[in-house]
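>>> Predicted model, plus sequence, below.
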Amino acid sequence: MERIIRMSVTGLLLASLVLFTNPQVNAQPAPASPVVTIVKPLEVPGVGTLLLPAWMEVNDAVLSDGTTRQPVQYDLSGKADGVWHYARLMVYHNSSNIVPMADMLLTTDVQPEILQALSGELKDTLAANLAKTGARILDWYPLEKVTIGNRRLLAGSCLLVYDKLPLPMFTQIYFFTNKNQLVGLALIGPDSDKKFMTPLYTQLISKL
């Protein structure tokens, strides 16, 4: 179980570094995220429907080689209260006999040492791979079990810096099970937008 989660999260983050096309990031601190009316559906293959705010535009992410490929990726962007916001949404899902074990991990008490060990191993693996691209982890927030809406998840986040983007990029990751699949969902955007976007990420997950 630990190996599957570690590989999944690492794959998502590494893909975000290698495949990220330069966004026009907003370097100004964003206001706190308002309570928004979520009205725009986004059908995510193998996962379900994300309900987005009306101001947010969705496009299939075009990668540096001009293609789109797995993991499923979308660019989310738009203006709210006159401020431009951006996030890359990446989705991974795996159907295998590991799903019952993931369910057990999410629904039963787990010793803190287990999550600490998983987070530590993941951080070391990710850091080693990022070093090959000239990138590094600036801050690391370990995995923890959370409940959002009616869903139990593993959640974690990190702050990444690398020479292809002018600003640090905040990455929020969620893992959960859905219809006999292990789902990994990552949202990557400018750290300057963290205060605005993080509550919105939580709201999106709660409606999934």
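Nice, thanks for sending it over.

>>> quick one: residue 77 from residue 163, how far?
For residue 77, the distance to residue 163 (C-beta to C-beta, to the nearest Å) stands at 23 Å. Every residue, glycine included, has its C-beta placed from N, CA and C.

>>> Kindly list the main-chain dihedrals of the residue nearest to the spatial centre of the chain?
Most central in the chain under C-alpha atoms, centre = their mean is residue 186, positioned 1.4 Å from the mean C-alpha point. Main-chain torsions, residue 186, degrees, to the nearest 10: phi -120, psi 140.

>>> doesn't residue 74 make contact with it?
No: between residue 186 and residue 74 there is no contact under C-beta atoms under 8 Å: 11.3 Å.

>>> Overlap of the contact sets of these two?
residue 89 (C-beta atoms under 8 Å, 6 or more residues apart in numbering).

>>> pLDDT weak spots in this protein?
With pLDDT under 70 as the threshold, the chain has low-confidence stretches at 1-39, 62-71, 96-98.

>>> For it, just list every one of the strands.
38-44, 48-53, 57-60, 72-80, 83-94, 136-148, 151-161, 169-177, 182-190 (DSSP state E).

>>> Just give the nearest non-adjacent residue to residue 171, would you?
Nearest in space to residue 171, with sequence neighbours left out and distances taken as C-beta to C-beta, 6 or more residues apart in numbering, is residue 188 at 4.8 Å.

>>> No more questions from me, cheers.
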